[in-house]
Structures are given as C-alpha cells and as structure tokens.
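**Q** Any chance you could fold what I've pasted below:
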Amino acid sequence: MRWYAVDDLSAEETARLAQALRDMEFSSGMDGLYWLPVPEAMLSPVQREHAADCGPYVLGLELEEHSLRLELLVRARGRLRCDCVRYAGPELRAHMIAYLDQLLTDLRIAG
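**A** Just a heads-up that it's a prediction; the model follows:
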C-alpha cells in the first residue's frame, strides 16, 4: 500500500484533527478511519464512467494516537473491487497531500 504519513503528533493534536474530521462529516463508522472525498474534477475517465454505480470516491485517512496515514488508493464506496479502484495519479496525489497539509496548518498542527 502507498501512504503519505505524518508522525510525531501529540495526542492533543490528533484529538483536534479527529474532531475536525468528524465536524466535516468524514467519519467512516470505524474508530480512527476517515474518508476524504476525491474532487469530481480529479476523477479518472473510468471513475467518471463508474461514478453512478461505484462512487463516491474517497481516500482513507487512518488516525492513530501520534500519527496519521493518508492512503493513496482511490476507493469506491459503492463497490469493493472494480477497475475504477486504483492508486491516485500524480495530480490527485499532490492535491490530496496539499489538502491534508493545509488542514493541519489551519488546525495549528505542526506535524
């Protein structure tokens, strides 16, 4: 699995991030796992074709006591296995990492 990871976070920082993710309604229903939505404009052609049946598309964010990991696999919430489930391309990967970094900055989390 390919990841973008941030470690050496304090428990207070991860608690603040978890609350922000819940406030944005990104909870997955599993403790410590959140779904970051993929912008529609950044979906691949296959993902656009499959959006009605397989979407919405998300990246998983695992939050632990002192770290986080952004999974770089684009998942289809409507289906586990399909050709549309694939790793993020360079543009989407850069966008989602920048999005997460900005969220951490906005929350005053050093990471």
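
**Q** for the protein, what's the longest strand?
**A** strand 57-63 (DSSP state E).

**Q** what sits up against the very next helix or strand once past it?
**A** Going down the chain from strand 57-63, the next helix or strand is strand 68-71, by DSSP states H and E. Identification of contacts with strand 68-71 by C-beta atoms under 8 Å, 6 or more residues apart in numbering yields 1-6, 9, 14, 17, 36, 59-62, 96-97, 100. Using the backbone N, CA and C atoms, a C-beta is placed for each residue, glycine as well.

**Q** from the residues you listed, which ones fall inside strands?
**A** Checking these against DSSP E, those in strands are Trp3, Tyr4, Ala5, Val6, Leu36, Leu59, Gly60, Leu61, Glu62.

**Q** List the strands paired with the longest strand of the chain, with their directions.
**A** When pairs are called by DSSP bridges, strand 57-63 turns out to pair with strand 33-37 (antiparallel), strand 68-71 (antiparallel), strand 73-76 (antiparallel).

**Q** And the contacts of strand 68-71, which of them are buried?
**A** For those, a neighbour count by 16 or more other C-beta atoms under 10 Å gives the buried set as Tyr4, Val6, Leu9, Thr14, Leu17, Leu36, Leu59, Gly60, Leu61, Glu62, Met96, Leu100.

**Q** Do you know the pLDDT at the closest residue to the last one other than its chain neighbours?
**A** Spatial nearest neighbour of Leu100, chain neighbours left out: Leu70 (5.6 Å); criterion: C-beta to C-beta, 6 or more residues apart in numbering. According to the model's per-residue confidence, Leu70 sits at a pLDDT of 98.

**Q** and Leu70, how many neighbours?
**A** Applying other C-beta atoms under 10 Å, we find 22 residues neighbouring Leu70.

**Q** cool, the one 5 residues further on as well?
**A** The tally of other residues near Arg75 (other C-beta under 10 Å) stands at 20.

**Q** close enough to count as contact, it and Pro56?
**A** No - assessed by C-beta atoms under 8 Å, Arg75 is found out of contact with Pro56, at 9.5 Å.
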